[in-house]
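Peer 1: Generate coordinates for the sequence data below:
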Amino acid sequence: MPSDQIVQQAHNEAAEFVALSHDDAWAKPPDQWPSGPSERICVRVSDARRAQAIDRLSQVSAVRITGALYQELTGRNDAPRGAPYLLRGFASNNSVARVLAWDDAVIVESNSLGGLFDLRRHPCVAFLDRRPDRVYTYANYDI
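Peer 2: Numbering: from 1, shown residues only. Purely as a prediction, here's the structure:
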């Protein structure tokens, strides 16, 4: 794909994100922040596997995956404590995601360096003690 088409696609995805309403299943900030959650890193799915991961999350916001699929989706071999879960999230270039887990819910927080222009749906994998019943997403960004 020519670079101008890639830029246009990124622009379209960013515009789609900005236009999202709170009814969008992927844009779901919590009504109230929890107290005392545990924080973990959420490993971004590789760009090459991003579409595959988004497809897996088309009907659910979290799904348990195997260690082999974790390696395939992320290109990593580490295995932190817990089971790997593919989670909905957002990302921009060089962004970092973390997961705040508490009770039966998690917040996937994305530090979107570069602002909203590059922000797009980008799943990540977190190792959790159990499957979350609720997944909230949150993105902060620099303007």
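Peer 1: can you list the weak-confidence ranges in the chain?
Peer 2: Counting by pLDDT under 70, the chain shows low-confidence ranges at 1-39, 92-95, 112-118, 141-143.
Peer 1: quick one: the helices in it?
Peer 2: 3-19, 50-56, 67-74 (DSSP state H).
Peer 1: Just the buried positions in the second one, please.
Peer 2: Neighbour-count burial for helix 50-56, counted by 16 or more other CB atoms under 10 Å, picks out 50, 53-54, 56. In this view, the C-beta of every residue, glycine as well, is placed from N, C-alpha and C.
Peer 1: which among those residues gets closest to Arg76?
Peer 2: Distance ranking of the buried residues of helix 50-56 against Arg76, using CB to CB, places Ala53 first at 13.9 Å.
Peer 1: any idea how far Asp78 is from that closest one?
Peer 2: Applying CB to CB, to the nearest Å, one obtains 18 Å for the distance of Ala53 from Asp78.
Peer 1: now swap in Glu72 and tell me
Peer 2: 14 Å.
Peer 1: of these two, who's got more company?
Peer 2: Glu72 (15 against 9; other CB atoms under 10 Å).
Peer 1: how about the strands in this protein?
Peer 2: Counting by DSSP state E, the chain forms strands over residues 38-41, 43-44, 62-64, 83-87, 90-91, 96-102, 105-112, 120-121, 124-128, 134-141, given from the N-terminal end onward.
Peer 1: Next, format the ones you listed as a markdown table and append mean neighbour count.
Peer 2: Formatted as a markdown table, those follow (neighbours: other CB atoms under 10 Å):
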| stretch | mean neighbour count |
| --- | --- |
| strand 38-41 | 13 |
| strand 43-44 | 22 |
| strand 62-64 | 16 |
| strand 83-87 | 23 |
| strand 90-91 | 25 |
| strand 96-102 | 19 |
| strand 105-112 | 22 |
| strand 120-121 | 20 |
| strand 124-128 | 23 |
| strand 134-141 | 18 |
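Peer 1: How many residues are close by the nearest residue to Glu72 once chain neighbours are set aside?
Peer 2: The shortest distance from Glu72 to any residue that is not its chain neighbour, by CB to CB, 6 or more residues apart in numbering, is 6.8 Å, and that residue is Arg49. Neighbour count for Arg49, taken as other CB under 10 Å: 17.
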